[in-house]
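Q: no letters, just coordinates:
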């Protein structure tokens, strides 16, 4: 089945901090698009025709729009295009695309998500879907690595989810943590090294290639078989 | 007796379009956007680098979209009729 060519318009945006922006789009044509949590869209970001992939960070329950999380710090062609958009301006999108998803009926006894930076985007969609829509009872853990405390965002939302759903556990990890930081310090691999892990869980990794490689190697030394390790590289 | 009728065998010609795609291996970072958009044309090899499976199976516009979706412009599209590079645009 060929990818679906769609149009959407910018409905809102939130500057989460100097590094990350959350964009809200509404579908224009078609007016409703079904996607699976973890999928992404390919957006045309220049008149020349260049496209960039962006993971959908919103829950699939909303079929009338989608949200993106963008690290604007590289100031590449994609982030500059998104920053230039006016409210209501239409964009050309291909999608939904990708197979980095959790399938219903999975035999994975739990779900462990490991992200760095903007790699949190598909996991937000998956976690909201699992907890709020699918009402799953499996243990769900989120390890999220960032450099500085000021780069954090959505942490209050995830903490609230952890309060509301006892099966959800949130582990933000800072590599340059302030002295008073009470949680995991260092890289996500450091945090995973000291935590006990469930070998029968599914492990979903999203972030830079180095992190994905290191975590996959660590998981295998902890007895997780390779077909339970799924990953998506972010660039 | 009627003259013998000789029939010409029908040749099924598969139209594959004008565009030919090529992956610059050193530029591919394994994002797999091309595979997601044109899975009949591209696949990832064991080193997670995109390779061309076939020039058949997708329309030219899908081949072009797949190339335009590559974040490192590792997919080259050439118009076989004109010999000109369609993507990335040459300056």
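A: Looks like it arrived, so ask away. From a predicted model like this one, the values you see are computed outputs, not experimental measurements.

Q: so where's chain A shaky on pLDDT?
A: A:1-2, A:103-106, A:234-235 (pLDDT under 70).

Q: tell me which helix or strand comes right after the helix of greatest length in chain A.
A: Looking across chain A with DSSP state H, the single longest helix is helix A:209-221. Per DSSP states H and E, the first helix or strand lying C-terminal to helix A:209-221 is strand A:229-233.

Q: by contact count, what packs against the longest helix of chain A?
A: strand A:110-116, helix A:188-194, strand A:202-207, strand A:229-233 (3 or more Cβ pairs under 8 Å, 6 or more residues apart in numbering or on different chains; DSSP states H and E). All C-beta atoms are positioned from the backbone trio N, CA, C, and that covers glycine.

Q: export these as TSV, with columns for distance to residue A:14.
A: Formatted as TSV, the helices and strands packed on helix A:209-221 follow (distance: least, Cβ to Cβ, whole Å):
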stretch	distance to residue A:14
strand A:110-116	19
helix A:188-194	25
strand A:202-207	21
strand A:229-233	23
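
Q: hmm, back to that, how about the longest helix of chain A: buried residues?
A: A:211-212, A:214-216, A:218-219 (16 or more other Cβ atoms under 10 Å in any protein chain shown).

Q: tell me where chain B has strands.
A: B:19-23, B:42-44, B:50-52, B:75-79, B:85-87 (DSSP state E).

Q: likewise for chain A?
A: Assigned by DSSP E, the strands in chain A fall at A:5-15, A:20-29, A:40-44, A:51-55, A:65-71, A:90-97, A:110-116, A:139-146, A:168-174, A:184-185, A:202-207, A:229-233.

Q: redo those strands as TSV? Include distance to residue B:84.
A: Formatted as TSV, the strands of chain A follow (distance: least, Cβ to Cβ, whole Å):
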stretch	distance to residue B:84
strand A:5-15	25
strand A:20-29	32
strand A:40-44	22
strand A:51-55	21
strand A:65-71	34
strand A:90-97	24
strand A:110-116	41
strand A:139-146	45
strand A:168-174	50
strand A:184-185	54
strand A:202-207	38
strand A:229-233	32
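
Q: right, and those strands - which one's nearest residue B:86?
A: strand A:51-55 (14.8 Å; Cβ to Cβ).

Q: which neighbouring elements make contact with the closest one?
A: Strand A:51-55 packs on strand A:40-44, strand A:65-71, helix A:77-84, helix A:120-128, going by 3+ Cβ pairs under 8 Å, 6+ apart.

Q: if we use 7 Å, what do you get?
A: strand A:40-44 (3 or more Cβ pairs under 7 Å, 6 or more residues apart in numbering or on different chains; DSSP states H and E).

Q: flag every residue of chain A that's near chain B.
A: A:2-3, A:42, A:48-53, A:94, A:97-98, A:233, A:235 (Cβ under 7 Å from any Cβ of the partner chain).

Q: can I get the residues you listed in a markdown table including neighbour count?
A: Shown next, in a markdown table, are the residues of chain A next to chain B (neighbours: other Cβ atoms under 10 Å in any protein chain shown):
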| residue | neighbour count |
| --- | --- |
| A:2 | 14 |
| A:3 | 20 |
| A:42 | 25 |
| A:48 | 11 |
| A:49 | 17 |
| A:50 | 21 |
| A:51 | 25 |
| A:52 | 25 |
| A:53 | 24 |
| A:94 | 25 |
| A:97 | 23 |
| A:98 | 22 |
| A:233 | 20 |
| A:235 | 13 |
